[in-house]
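Trainee: got a sequence here, can you model it:
(chains A and B)
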Number of protein chains: 2
Amino acid sequence: MDNFADRLHQAVSARGAPVCAGIDPRADWIPDEFYDRAFSQHGRSPAGVRAAVREFCLQVLEVIAPFVPVIKPQAAFFEALGPGGWDDFAAVCARGRELGLIVIADVKRGDIGSTAEAYAASLFGSSRVKDIALSSCRADAVTVNPYLGADGVEPFVLRAREHGAGVFVLARTSNPGSAQFQELALAKGGTLVDEVAARIHEWGSGGVGRYGFSDVGAVVGATHADAAARMRAIMPNAWFLVPGWGAQGGAAETVRACFKGGTGAIVNSSRGVMHAYAAGPLKDHGPARWREAVEKAARQFHAEIKAIAGG
Amino acid sequence: MDNFADRLHQAVSARGAPVCAGIDPRADWIPDEFYDRAFSQHGRSPAGVRAAVREFCLQVLEVIAPFVPVIKPQAAFFEALGPGGWDDFAAVCARGRELGLIVIADVKRGDIGSTAEAYAASLFGSSRVKDIALSSCRADAVTVNPYLGADGVEPFVLRAREHGAGVFVLARTSNPGSAQFQELALAKGGTLVDEVAARIHEWGSGGVGRYGFSDVGAVVGATHADAAARMRAIMPNAWFLVPGWGAQGGAAETVRACFKGGTGAIVNSSRGVMHAYAAGPLKDHGPARWREAVEKAARQFHAEIKAIAGG
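Mentor: Numbers count the residues shown, from 1 in each chain, chains lettered A, B, ... in the order given. Below you'll find the predicted structure:
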């Protein structure tokens, strides 16, 4: 099984830009044609809503697959569809893999011991009960919250590594108030996130691949100019998953500081790509031209980030 | 809509002890009779495994409902069943409510902005898309991770409060390594968890009910003797959800320090109750007498914690 960091490197090289498309389906931003078709088949029902959301996501994947090496489906938006939403999440992950994309399940899970093992079972590979295989999302990587300490991260890292998958641990998140706890000054010097970053570096030490990066990455927002270079210095071998570009106002200079020799970071855009017609700068395309808007947005995102990474 | 803290107080009074039964179904610890019945209906298939797990959980609820005011289904063990597992989680939550139990969805979610809103929609009340109601777990409370700061907690608090529900924020977790980040000494004095606890106190200030407790509680493990009294002093109005009793070795003295005047804490036991025949001190009962073992374990747990809380 290839090392996750190596697989990520190869996927980015193949598509030519270190970009990730967030799959965060907001039900209100999906063109009516999807609801019309789904309701004619399933009635005006929760199943109809789910079918519309699923179909939109799957079609978005087809449009963006030539431009992005990585997708990041966000579990919350699927869970919000009610029971059954997790099936749609798994279906989106599966189609992403079929299209040759690296799939990061953005679940931000964090728990310990056998509970962490259970979460990991739902995300990587398959598990067996009474000799019956239970399927998982078979994600290539997941996001994990470090608050519980190593007990809450290592079970994910070990299980991921068995499957050639990876883990991105939340370090400095992109939200405006992320400093509240993450940048608390410590008595021994540095801040909480510096300490978290040092542990991420350690957790990844057993999974460094041939390009010098490890299978334990870090989430580092594009929105905090002060943090990116500091994080890069503490975690020289970590892939950075960089949210906050676009809608959240991330700056090119901050994004640039996340890279190391033009590699080692993937920048995410969610609504700016998949909901380009509804929420992005391509609003004038309207719902009838949603596909054209998504493709334009993906191309433009690809070009922007390629220029930043290379520059 | 009644305040969550008041509803919790009343539920504990009605059952006579501040105890919570964790619903953490480990597929390997479920009596074979459940698999036999489920497989005869669904075949030896993932659906059969899920049916066995669901039925066992539902029957456990019937057995324990006279003794426990609160249940805490753990999402991880349901997600581990593969797509569809979330439906079973929702079914267990629904049956708990029907039995008059307070249902704490142990999901440890943590995300921001519209993503946190989406998680909250999957947990509380119902949401509407195209005028179609999408159901949620309709939990009475959820567990939330504070690492992202107020941005990641307040959306859950606000949504919960609208529905008379509550939030338990992770403070000092019960795992052996929880001190790694949670007890890092801060430059301004105290440790990270002291700071988190101070914010939990603030987040709850808008939701204090008639008994002096708020709808924003804290997870404080039974396993750290040094932390309980300190946490109680910083969060005088917070309900404590106390894991770590039983299998994890929590001490009576530590549990006692979580209470305030004999109230304000609920102590959780997971495998010790629901898996009493398979993993607890009542192993000698064997699978055929699983029901008797669960009832005995629930009665004993009730008596133990009642004595500690009152003493």
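Trainee: from here on, just use CA atoms for contacts and neighbour counts.
Mentor: Noted.
Trainee: what is the burial count for the nearest residue in space to residue A:187 that is not next to it in sequence?
Mentor: Among residues not flanking residue A:187 along the chain, residue B:187 sits closest, at 3.9 Å (C-alpha to C-alpha, 6 or more residues apart in numbering or on different chains). For residue B:187, the count of nearby residues is 15 (other C-alpha atoms under 10 Å in any protein chain shown).
Trainee: which residues does residue B:187 contact?
Mentor: A:185, A:186, A:187, A:188, A:189 (C-alpha atoms under 8 Å, 6 or more residues apart in numbering or on different chains).
Trainee: got the contact list for the closest residue to the first one other than its chain neighbours?
Mentor: Spatially, and ignoring its direct neighbours in sequence, residue A:185 is nearest to residue A:191 (4.4 Å; C-alpha to C-alpha, 6+ apart). Counting by C-alpha under 8 Å, 6+ apart, residue A:191 makes contact with A:182, A:183, A:184, A:185.
Trainee: circling back: what separation do you get for the residue nearest to residue A:187 and residue B:197?
Mentor: Residue B:187 sits at a distance of 17 Å from residue B:197 (criterion: C-alpha to C-alpha, to the nearest Å).
Trainee: excluding chain neighbours, what is closest to residue A:90?
Mentor: Spatial nearest neighbour of residue A:90, excluding adjacent residues (C-alpha to C-alpha, 6+ apart): residue A:137 at 4.9 Å.
Trainee: which helices and strands sit right next to the lengthiest helix in chain A?
Mentor: Counting by DSSP state H, the longest helix found in chain A is helix A:290-310. The contact analysis (3 or more C-alpha pairs under 8 Å, 6 or more residues apart in numbering or on different chains; DSSP states H and E) places helix A:290-310 against strand A:19-23, helix A:46-64, helix A:252-258, helix A:271-274, helix A:276-279.
Trainee: least reliable of the ones you listed going by mean pLDDT?
Mentor: Ranked by mean pLDDT, the helices and strands packed on helix A:290-310 end with helix A:276-279 at the bottom, a mean of 88.
Trainee: so for chain B, which of the helices and strands packed on helix A:290-310 sits nearest?
Mentor: Proximity to chain B, assessed across these by C-alpha to the nearest C-alpha, is greatest for helix A:46-64 (5.8 Å).
Trainee: what comes up buried for stretch A:254-274?
Mentor: A:254-260, A:262-274 (16 or more other C-alpha atoms under 10 Å in any protein chain shown).
Trainee: is the nearest residue to residue A:21 once chain neighbours are set aside in a helix, a strand, or coil?
Mentor: Closest residue to residue A:21 apart from its sequence neighbours, by C-alpha to C-alpha, 6+ apart: residue A:71 at 4.7 Å. Put simply, residue A:71 is strand when judged by DSSP: H, G, I helix; E, B strand; the rest coil.
Trainee: burial count for residue A:71?
Mentor: Look at residue A:71: counted by other C-alpha under 10 Å, it has 27 neighbours.
Trainee: what about it, distance to chain B?
Mentor: 16 Å (C-alpha to the nearest C-alpha, to the nearest Å).
Trainee: dump the residue contacts of that residue.
Mentor: Neighbours of residue A:71 in contact, by C-alpha under 8 Å, 6+ apart: A:20, A:21, A:22, A:23, A:96, A:101, A:102, A:103, A:104.
Trainee: one more pass at 10 Å, please.
Mentor: By C-alpha atoms under 10 Å, 6 or more residues apart in numbering or on different chains, the contact list for residue A:71 reads A:19-23, A:61, A:64-65, A:92-93, A:96-97, A:101-106, A:268-270.
Trainee: let me know the pLDDT of it.
Mentor: Model confidence at residue A:71 (pLDDT) stands at 98.
Trainee: over to residue A:281?
Mentor: 76.
Trainee: hmm, it is touching residue A:272, no?
Mentor: Yes. Judged on C-alpha atoms under 10 Å, residue A:281 makes contact with residue A:272 at a distance of 7.8 Å.
Trainee: what are the ranges of the helices in chain A?
Mentor: Under DSSP H, chain A gives helices at A:4-15, A:32-42, A:46-64, A:75-79, A:85-98, A:113-123, A:150-162, A:179-182, A:192-203, A:225-234, A:252-258, A:271-274, A:276-279, A:290-310.
Trainee: lowest-confidence stretch among those?
Mentor: Taking the mean pLDDT of the helices of chain A, helix A:276-279 comes last: a mean of 88.
Trainee: outside of that helix itself, list whatever touches it.
Mentor: With contacts defined as C-alpha under 10 Å, 6+ apart, helix A:276-279 is touched by A:28-31, A:247, A:270-273, A:282-298.
Trainee: identify each buried residue in that helix, please.
Mentor: Buried residues in helix A:276-279 (16+ other C-alpha under 10 Å): A:276, A:277, A:278.
Trainee: from those residues, pick the one nearest residue A:213.
Mentor: For the buried residues of helix A:276-279, the residue nearest residue A:213 by C-alpha to C-alpha is residue A:276; the value is 32.4 Å.
Trainee: quick one: the closest one from residue A:224, how far?
Mentor: Distance from residue A:276 to residue A:224, by C-alpha to C-alpha: 24 Å.
Trainee: with residue A:107 instead?
Mentor: 22 Å.
Trainee: and residue A:98, how many neighbours?
Mentor: Counted with other C-alpha under 10 Å, residue A:98 comes out at 10.
Trainee: measure it to chain B for me?
Mentor: As for residue A:98, its distance to chain B is 18 Å (criterion: C-alpha to the nearest C-alpha).
Trainee: go on, residue A:8?
Mentor: On the measure of C-alpha to the nearest C-alpha, residue A:8 and chain B end up 25 Å apart.
Trainee: you'd agree that residue is up against residue A:241?
Mentor: No. With contact defined as C-alpha under 10 Å, residue A:8 does not reach residue A:241; the gap is 11.4 Å.
Trainee: okay, the helices of chain A, which one's buried deepest?
Mentor: helix A:271-274 (a mean of 27; mean count of other C-alpha atoms under 10 Å in any protein chain shown).
Trainee: now check that helix, is it near chain B?
Mentor: No. Applying C-alpha under 10 Å from any C-alpha of the partner chain, one finds helix A:271-274 separated from chain B by no less than 11.1 Å.
Trainee: packing partners of that helix?
Mentor: Packing partners of helix A:271-274 (3 or more C-alpha pairs under 10 Å, 6 or more residues apart in numbering or on different chains; DSSP states H and E): strand A:19-23, helix A:46-64, helix A:276-279, helix A:290-310.
Trainee: next, the contact list for the residue most central in space within chain A, please.
Mentor: Closest to where the C-alpha atoms of chain A average out (C-alpha atoms, centre = their mean) is residue A:72, at 3.3 Å. Neighbour list for residue A:72: A:20-24, A:92-93, A:96, A:101-107, A:139, A:141-143, A:268-270 [criterion: C-alpha under 10 Å, 6+ apart].
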